[in-house]
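**Student:** the sequence and its predicted three-dimensional model are supplied below.
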Amino acid sequence: MDKIIRCITSDGAIMAAAIDASDIVFTAKKLHHLSKSATAALGRLLCATSIMGAMLKQSNATVNLRVMGDGELGPVIAVGDSKGNVKGYVGNANCPTEFYSNGKINVAKAVGRNGVLNVMRDYGTGEPYIGQVELVSGEIAEDITNYYATSEQTPTVCALGVLINKEDGEVMLAGGLLIQLLPGADDSTIDKLEKNIEKLDPVTTMLAKGMSILDICKTALEGFEVEVLDELPVHYACGCSKEKLERYFCTLSDEDVRSLADESGTATATCHFCNKRYVFTKDDLERIIKEKNQK
């Protein structure tokens, strides 16, 4: 089962969060029939979004991350809730995959190095907070780091990884690590943390060694006293339903509702996040129109 953990140093100077999202990314790959590059890109964004969602304080809050580069992958979108549950999709699931000389997937080529990262936090109480930064690499982790530094002025280190079997494209491991300096951090704290980060293995390497997400946080924060804030199970969770679609249809005009139907009079909607199909008969559409006009 996938988990996320959040820790803080006892002096309140550093926050660290780590996630094992191997099942989440495996599920996303299966749902969307993703190529290796699409799996790596969406997997990284799902890991980051889960961590950022779990950092939200309001129980009904959500965070939406959208990476829009000039590569063949198209938009990469992930949505997370305050429990760390996530869902996502990409524009081009069949995006070609290229590799660096070291054998790692060239995610930047798929995403594109020119574009923007949008972050929207909806707290469920009025207008959402929206931040946008230009992409710095298209590799996702560096772009998240840049977002925090540029848009929120929070010194952040972000590491994300998806380990994929080169032969069959299956997801073997996926995870992430997010470290942030808090207002109590001084120069000695920063120096110690930087030295730790320099010798840190990639997240998937640490997971492959059998390290737990707590082990990963403690390794990143070696030399500090670490306190666990919380540990949560996390899932790929969509939450779509026929009832939610009907509520959306009720916001349309009668003419627009009827125009959803094909020649046979049937309307079909497919969820972007889980590919579940919903079918509405002609009678369903007329019932929706009648009910919305009675309100």
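**Tutor:** Structure received. Residues are numbered from 1 along each chain as shown.
**Student:** got a list of what Y236 touches?
**Tutor:** 23-24, 27-28, 31, 46, 85-87 (CB atoms under 8 Å, 6 or more residues apart in numbering). All C-beta spots, glycine's among them, are computed from the backbone N, C-alpha and C.
**Student:** what mean pLDDT does the helix or strand D283 falls within have?
**Tutor:** Counting by DSSP states H and E, the element that carries D283 is helix 282-294. Here helix 282-294 scores 89 as its mean pLDDT.
**Student:** in it, what counts as buried?
**Tutor:** Residues of helix 282-294 classed as buried by neighbour count (16 or more other CB atoms under 10 Å): 284-285, 288-289, 292.
**Student:** quick one: list the elements packing against that helix.
**Tutor:** Helices and strands touching helix 282-294, by 3 or more CB pairs under 8 Å, 6 or more residues apart in numbering; DSSP states H and E, are helix 242-249, helix 254-259.
**Student:** relative to helix 282-294, how tilted is the first one?
**Tutor:** Regarding helix 242-249 and helix 282-294, their directions subtend 60 degrees when assessed with axes from the mean of the first three to the mean of the last three CA atoms, to 10 degrees.
**Student:** the chain should start at 2 in everything you say after this.
**Tutor:** Happy to do that; since the first residue is 2 now, the last one works out to helix 243-250.
**Student:** could you work out the most separated pair of the contacts of Y237?
**Tutor:** L32 and N86 (14.6 Å; CB to CB).
**Student:** looking at the two, which is more packed in?
**Tutor:** Ranked by neighbour count (other CB atoms under 10 Å), L32 and N86 place N86 first, with 24 against 19.
**Student:** the nearest residue to that one once chain neighbours are set aside and G89, how far apart?
**Tutor:** Spatial nearest neighbour of N86, chain neighbours left out: A238 (4.1 Å); criterion: CB to CB, 6 or more residues apart in numbering. Distance, A238 to G89, by CB to CB, to the nearest Å: 11 Å.
**Student:** for L164, same thing?
**Tutor:** Separation of L164 from G89 (CB to CB): 18 Å.
**Student:** do the same with E140
**Tutor:** For E140, the distance to G89 - CB to CB - is 17 Å.
**Student:** so for those two, which residue has more residues nearby?
**Tutor:** Set E140 next to G89 and count neighbours by other CB under 10 Å: G89 wins out with 27 against 21.
**Student:** is the more buried one in contact with L32, as I believe?
**Tutor:** No. G89 is beyond contact range of L32, at 9.7 Å (criterion: CB atoms under 8 Å).
**Student:** which neighbours do these two share?
**Tutor:** Shared contacts of G89 and L32, defined by CB under 8 Å, 6+ apart, are absent.
**Student:** nearest residue to F281 other than its sequence neighbours?
**Tutor:** Counting by CB to CB, 6+ apart, F281 lies nearest to A268, which is 4.3 Å off, once chain neighbours are set aside.
**Student:** kindly report the same for L136.
**Tutor:** With CB to CB, 6+ apart, the residue lying closest to L136 is G116, at 4.7 Å.
**Student:** that older thread, mind listing what the residue nearest to F281 touches?
**Tutor:** Contacts of A268 by CB under 8 Å, 6+ apart are 261-262, 280-281, 285-286.
**Student:** return the member of those nearest to A209.
**Tutor:** A209 lies nearest to V280 out of the contacts of A268, by CB to CB, at 43.4 Å.
**Student:** and the closest one, which of the three is it?
**Tutor:** strand (DSSP: H, G, I helix; E, B strand; the rest coil).
**Student:** specify the beta-bridge partners of it.
**Tutor:** T269 (DSSP bridges).
**Student:** from the centroid of this protein, which residue is nearest?
**Tutor:** L47 (2.5 Å; CA atoms, centre = their mean).
**Student:** with just CA atoms, put the helix or strand that contains that residue into PDB.
**Tutor:** Assigned by DSSP H and E, L47 belongs to helix 37-55. Listed next in PDB are the C-alpha coordinates belonging to helix 37-55 (Å, rounded to 0.1, in the frame of the first residue of the first chain):
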ATOM      1  CA  LYS A  37       7.300   4.900 -20.900                       C
ATOM      2  CA  SER A  38       7.900   8.700 -21.200                       C
ATOM      3  CA  ALA A  39       4.200   9.400 -20.400                       C
ATOM      4  CA  THR A  40       4.400   7.100 -17.400                       C
ATOM      5  CA  ALA A  41       7.500   8.800 -16.100                       C
ATOM      6  CA  ALA A  42       6.200  12.300 -16.500                       C
ATOM      7  CA  LEU A  43       2.700  11.700 -15.100                       C
ATOM      8  CA  GLY A  44       4.200   9.500 -12.300                       C
ATOM      9  CA  ARG A  45       6.500  12.300 -11.200                       C
ATOM     10  CA  LEU A  46       3.700  14.800 -11.200                       C
ATOM     11  CA  LEU A  47       1.400  12.500  -9.300                       C
ATOM     12  CA  CYS A  48       4.000  12.100  -6.600                       C
ATOM     13  CA  ALA A  49       4.500  15.800  -6.200                       C
ATOM     14  CA  THR A  50       0.800  16.500  -6.200                       C
ATOM     15  CA  SER A  51       0.100  13.900  -3.500                       C
ATOM     16  CA  ILE A  52       2.800  15.500  -1.200                       C
ATOM     17  CA  MET A  53       1.400  19.000  -1.900                       C
ATOM     18  CA  GLY A  54      -2.100  17.900  -1.300                       C
ATOM     19  CA  ALA A  55      -1.200  16.300   2.100                       C
END
